[in-house]
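Q: any chance you could fold what I've pasted below:
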Amino acid sequence: MTVPSLVARRYHDHAHKAASDAVSLDYEARFLRRKVLATASGAALLVDLPQTTSLDHGGVLVLEDGREIAVIAAPEALTEVTGPDLTRLAWHIGNRHTPAQIDGDRLLIKPDHVMADMLTRLGAQLRDVVLPFTPEGGAYGHGRTHGHSHGGPHDHPHDHTHD
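A: Numbering: from 1, shown residues only. All right, here's what the predicted structure looks like:
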């Protein structure tokens with residue numbers, strides 16, 4: 001194993017400056033606390049966050065020297081869901097607490113044969129695709145993704161400023 005030359009102990013859901021490098025991770029790999037990753041330039045990066053965190057596409061890992069590493073959602077196998085009543089299909093997907101990306105006239109979900117059977121019975125058309133997966137976050141910032149606010153009573157402290 002390569003000894004990491006870079007260490008990130010903080011994460012922000014948006015960049016504050018131009019990123020010095022990037023990591024490309026699928027949806028499951030973007031949920032982590034401590035792990036060694038390879039950056040786009042090939043550098044070894046130790047991510048050592050204080051708690052398990054969902055890294056969002058467009059977020060950044062902050063290095064100890066303040067440089068930022070961009071987080072990019074990597075393409076992965078997904079199921080595209082379309083149909084004449086997309087709102088109804090979205091409700092059924094959400095009712096099963098299945099992460100879904102709302103993308104114009106389609107929904108994207110992770111492949112699941114049980115969901116596929118249910119959606120087909122409801123009149124959906126399904127197609128296998130390979131795309132980056134950036135599903136909607138949970139209500140109120142809870143669940144897999146977390147909000148990023150500035151000054152609410154339940155905020156966790158983070159040391160950065162906005163220019």
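Q: ok, L119 - contacts?
A: V81, G83, L89, H92, I93, L126 (C-beta atoms under 8 Å, 6 or more residues apart in numbering). C-betas here are computed from N, CA, C, even on glycine.
Q: who wins on neighbours among these?
A: V81 (26 neighbours; other C-beta atoms under 10 Å).
Q: CA atoms of the helix or strand encompassing G94 as PDB?
A: Using DSSP states H and E, G94 maps to helix 86-95. Extracted in PDB, the C-alpha atoms of helix 86-95 (Å, rounded to 0.1, in the frame of the first residue of the first chain):
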ATOM      1  CA  LEU A  86     -43.400  10.100 -13.300                       C
ATOM      2  CA  THR A  87     -44.800  11.800 -10.100                       C
ATOM      3  CA  ARG A  88     -46.600   8.600  -9.100                       C
ATOM      4  CA  LEU A  89     -43.500   6.500  -9.900                       C
ATOM      5  CA  ALA A  90     -41.300   8.900  -7.800                       C
ATOM      6  CA  TRP A  91     -43.700   8.500  -4.900                       C
ATOM      7  CA  HIS A  92     -43.500   4.700  -5.000                       C
ATOM      8  CA  ILE A  93     -39.700   4.900  -5.100                       C
ATOM      9  CA  GLY A  94     -39.500   7.300  -2.300                       C
ATOM     10  CA  ASN A  95     -42.000   5.300  -0.200                       C
END
